[in-house]
Structures are given as structure tokens and as C-alpha cells.
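In: Structure for this input, please:
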Amino acid sequence: MKLLFFIIALLFAAALITLYALDNPGYVLIAHAPWSIEMSLTLFIPLMIVVSFLFYLSLYVILRLWRIPRDVGRWRARRQARRARTALIQGLTNLAEGNWVEAEAQLLAGMRHGDTPLLNYLGAAMACEGQGNSEKRDEYLALAHKSAPDHNLAIGMTQAYLQRQAQQSEQALATLTELRTLAPRHRQILKLLAEIYVALRDWTSLADLISDLRQNHALDAKATDALELQAHRELLTLSLPSGSVDVLRRAWSAVPKALRRHHALIAIYARQLIQQNEMDEAEALLRGALNEEWNDALVDLYGRVRGGNIAEQIETAEGWLAAHPENPRLLLALGRLAQHGNLTGKAGTYLEKCVALHGPAEACRELGDLLDRLGEKEKALVYYRRGLELYADEQRQRLAPAKNGPFAAAKLRAAR
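Out: Numbers count the residues shown, from 1 in each chain. Predicted coordinates:
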């Protein structure tokens, strides 16, 4: 509609100009001795327009001819850049699809005229890692450093990820240690460092890293707590020669106070104390933990402690019996303590009750040993046989989830 109004207005203006020109055509005289040119103004104006147009057209053609080499160069550069971008996109697509050989070839093809050599080199390095060619991978990473020296963090992170993927944990650790000097609070660096420490079983370094992981939110709180627990658990379970109790105590003192109340760590530390023959310290630790919160694993360990005052230890355990009268683990612990105190009658009573309550197979063995020492061979054999049957059942239940897969394990847990 607007175009129609514009054409009508243009025709109307042309008609007015024509009528005016017919009434007053004007006169133009151009004189330059010995020549002169005379014409009407209505002829001169169109003629000048035509001449100006021809002059502009001639000038435009001359300039275009002059610029042909430059324009051809620009056209070729744009075509090469377009091809390079296409090769980069195809290379990255093949990289995502796992077509390592095609990805490497296309990324290298688009590198000569591309404007993103860093991406090409990093992609080629990933493709080489996918092919298992670590030597060529490192060459591409070195070229990436050379082409983009200002992007050390991006190149280093890629290198660390690829080294981790290739199970080159020591090399990845060296790379990440260097990167950490550039970005000490970088979350991905800290997260990958934690993975490397776990792979290398460097529990001391992992324990030292926990505070940085937590402060920089590199992992969620649950995962960080699990790593912290794992690190201190592994440090406490390190095998120590006899007489290394000071080393063990330093490891326990390094455990955060919040974790010193964790049953798993208490159990590990108590077990190590027992192995170091620090019975009184182990007894005090277990007694304090059990008075605070009940745990069957700690009760079992308490029954294995041979403290200096066995009567007091039995009295303590019998005090717990009031609150847990039918706990098989507590009854087994009391049976063991009573045997250590040469209270065979009391030991037999506790062990028989434990077996009657379907306690662990160890109770049958303990009761069998007690009866054997008392000369009741046949009765001891009955309990030995029963203990073997219980042990076999326990092993079958333990192995059943592994044989039948994760769904069977889930069913077994649900049944429990």
C-alpha cells in the first residue's frame, strides 16, 4: 500500500514538473570561443543526469577492475575460513561420536586456514587419546601451548583429564599441581586432584585437600564428607609394626573431632590399639563410644579387649545387658570376656543364649572351644558342626547379590 502511494505521488510530481516546463522551458547557453551551445533547460537537466550516471558508471568499473586482485584474495580467504569452520564442526562432531581417526583428520585439515587453532589441537589430542596414542596426544598439546600461550589453564585441564583417562595418575598429578599454582581455588582442579589422590591411594594428601574442597564447593557436602571419612579410615588402617603406637595416635589426632565419633573410625582405631596391645586405651575408647551410642561392631570389639581389670570390664558389659538383653553380639562379647576371666560357667551361659538367639557362627565356635576344654567332646562337635553350617549360610548370603546382580542385592536389602 505504501509503495502504491509513493508511485502515485511520484507520477503526480512528474506531471506538475512537466506542465511547468512546458509553460516555462528555460534557456541554457554555454559559450567558449569559438564555440557555443544553446539548449532549453528541460533538455539540459536530463542530459546532465545521463552524463553524470555514465561518468559514475565508468568510474565504478575502473575501481572494480583495480580492486579485482584484492577482492579475489578476500573471496579466497572467506572460502578457506568457511571450509575450516566446516572441518572444525565435522571434526568435533566425529569426536563426540567417537570416530577418532576421522575426527583427527578433519581437525587437522581445518587447522591451516582456521582461526581457532587451540580448539583444533585440543580436539586432535582428544582424538589421539581415544586411539590410545599418548605420544601423539602430547605433541598436539605442546602445539596447543605454542599456538595459544595465554590459555595455559584450558590446555592444562585438557591434558590432566586425558592423562587421568589414560590412567597416567602420576603425570596427571604433576599437571594438576602446576595448574593449582595458577588457579588455587579452581573447582575442577580440586575435584580432579581428589580423584587422582584416591587413584594413587595418597590418603595424607587427600586429607589435606578436604578443607579446600569444602571451602570452594568443588564437591557437594555429602561427597566431601565421604572422601574425608575414606581418607582417615585408610590412614588408620595402614599396617603398622609392633611398637608403632605413637604413629597410630598421631593419625588419630589428625582426625577431625566430628569424625572421632564415627563408629567406623572408632572401630578401626580400637582394632589397631588391640593389635598394638594397648588394651586399656582400647577399652576406654570403646566403653565411651558405646555409652554414648550403641553399635554392634564396637560391642564385638569390646569382647576382644583384654584389659587389665577383666572383672570391671565384665561388669560394664553386664550393665549394657539391662538395656540390650537379647543382643547376640553383646552376649558373645560377654562370653569371651567371661572365658578370659576363667568364669567358664558364666561364659557357657552367655554363649548358649547367644546361639539360641541365632547369633553369629563365631558363637558356636567359641562355645565349642569352651566345651572342648571342659572335656565335653561330643557336645563340642555338635556346636562346631552347627557353626560351620551357619558360616556356610552367611557366605552364601554374602555371595548371592554378587552372583545375581544389583537387583538381587536390592531385593536382599529390602527383605532385611
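
In: hey, let's count contacts and neighbours off CA atoms from now on
Out: OK.

In: Distance of Glu362 relative to Leu370?
Out: 12 Å (Cα to Cα, to the nearest Å).

In: Compare the two (neighbour count), which wins?
Out: Under the neighbour definition other Cα atoms under 10 Å, Glu362 and Leu370 were set side by side, and Leu370 has more, 22 against 18.

In: Please spell out which residues along the strand or helix carrying that one are buried.
Out: In this structure, Leu370 sits in helix 361-373 according to DSSP states H and E. Neighbour-count burial for helix 361-373 flags 361-371 (criterion: 16 or more other Cα atoms under 10 Å).

In: just stretch 223-242 next, same as before
Out: 224, 227-236.

In: okay, those in CSV with secondary structure and distance to Leu248 next?
Out: Compiled in CSV, the buried residues of stretch 223-242 are given as follows (DSSP: H, G, I helix; E, B strand; the rest coil; distance: Cα to Cα, whole Å):
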residue, secondary structure, distance to Leu248
Thr224, helix, 24
Leu227, helix, 20
Glu228, helix, 18
Leu229, helix, 16
Gln230, helix, 16
Ala231, helix, 15
His232, helix, 12
Arg233, helix, 12
Glu234, helix, 12
Leu235, helix, 9
Leu236, helix, 7
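
In: name the element Glu38 belongs to?
Out: Assigned by DSSP H and E, Glu38 falls in strand 35-39.

In: Moving C-terminal from that strand, which element do we reach first?
Out: helix 41-66.

In: Point out the other helices and strands that that following helix packs with.
Out: Using 3 or more Cα pairs under 8 Å, 6 or more residues apart in numbering; DSSP states H and E as the contact test, no helix or strand touches helix 41-66.

In: and it, average pLDDT?
Out: Averaging pLDDT along helix 41-66 gives 82.

In: ok, now stretch 324-331?
Out: Taken as a whole, stretch 324-331 has a mean pLDDT of 93.

In: who touches it?
Out: Contacts with stretch 324-331, where a contact means Cα atoms under 8 Å, 6 or more residues apart in numbering, come from 296, 299-300, 303, 317, 321, 350-351, 353-355, 357-360.

In: Give the buried subset of those residues as a PyMOL selection command.
Out: Selection of buried members from the contacts of stretch 324-331 for PyMOL, criterion 16+ other Cα under 10 Å:
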select buried, resi 299+300+303+317+350+351+353+354+355+359+360
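
In: for the longest helix seen in the chain, which positions count as buried?
Out: Longest helix of the chain, by residue count under DSSP state H: helix 68-97. By 16+ other Cα under 10 Å, the buried positions in helix 68-97 come out as 80-81, 83-92, 94-95.

In: and the next element down the chain from that helix?
Out: helix 100-109.

In: Okay, now the unreliable bits of the stretch 251-400 of the chain?
Out: When residues are selected by pLDDT under 70, those of the stretch 251-400 of the chain lie in 400.

In: one step back: report the two of the contacts of stretch 324-331 separated the most.
Out: Greatest spacing in the contacts of stretch 324-331, by Cα to Cα: Ala317 and His358 (20.0 Å).

In: Same question for stretch 107-127: list its buried residues.
Out: 107-111, 113-114, 116-127.

In: Can you give me the end-to-end span of that stretch?
Out: Using Cα to Cα, the two ends of stretch 107-127 sit 9 Å apart.

In: follow-up on the earlier one: can I get the buried residues of helix 68-97 in a markdown table including distance to Ala333 and pLDDT?
Out: Shown next, in a markdown table, are these (distance: Cα to Cα, whole Å; pLDDT from 0 to 100):
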| residue | distance to Ala333 | pLDDT |
| --- | --- | --- |
| Gln80 | 81 | 76 |
| Ala81 | 79 | 75 |
| Arg83 | 78 | 85 |
| Ala84 | 75 | 83 |
| Arg85 | 74 | 86 |
| Thr86 | 74 | 86 |
| Ala87 | 72 | 86 |
| Leu88 | 69 | 85 |
| Ile89 | 69 | 88 |
| Gln90 | 69 | 91 |
| Gly91 | 67 | 89 |
| Leu92 | 64 | 89 |
| Asn94 | 63 | 91 |
| Leu95 | 61 | 90 |
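
In: Contact partners for Gly341?
Out: Counted by Cα under 8 Å, 6+ apart, Gly341 has contacts 310-311.

In: Next one: it relative to Ala347, how far apart?
Out: For Gly341, the distance to Ala347 - Cα to Cα - is 9 Å.

In: burial of Lys377, as a residue count?
Out: If you count neighbours by other Cα under 10 Å, Lys377 ends up with 14.

In: check contacts around the residue nearest to it when sequence neighbours are not counted.
Out: Among residues not flanking Lys377 along the chain, Leu371 sits closest, at 6.8 Å (Cα to Cα, 6 or more residues apart in numbering). Residues near Leu371 by Cα under 8 Å, 6+ apart: 377, 379-380.

In: Look up how far Ser253 lies from Val198.
Out: 22 Å.

In: So these two - more neighbours on which side?
Out: In terms of neighbours (other Cα under 10 Å), Val198 is the more surrounded of Val198 and Ser253; the figures are 17 against 11.

In: In contact with the more buried one, which residues?
Out: With contact set as Cα under 8 Å, 6+ apart, Val198 has these partners: Leu206.

In: Shouldn't it be within a helix?
Out: Yes: counting by DSSP: H, G, I helix; E, B strand; the rest coil, Val198 is part of a helix.

In: Next one: it from Phe53, what distance?
Out: The value you get for Val198 to Phe53, if Cα to Cα is used, is 80 Å.

In: Equivalent analysis for Leu227, please.
Out: Noted for Leu227: a distance of 81 Å to Phe53, by Cα to Cα.

In: swap in Leu259?
Out: Leu259 is 91 Å from Phe53, by Cα to Cα.

In: okay, those two: which has more neighbours?
Out: Leu259 (16 against 12).
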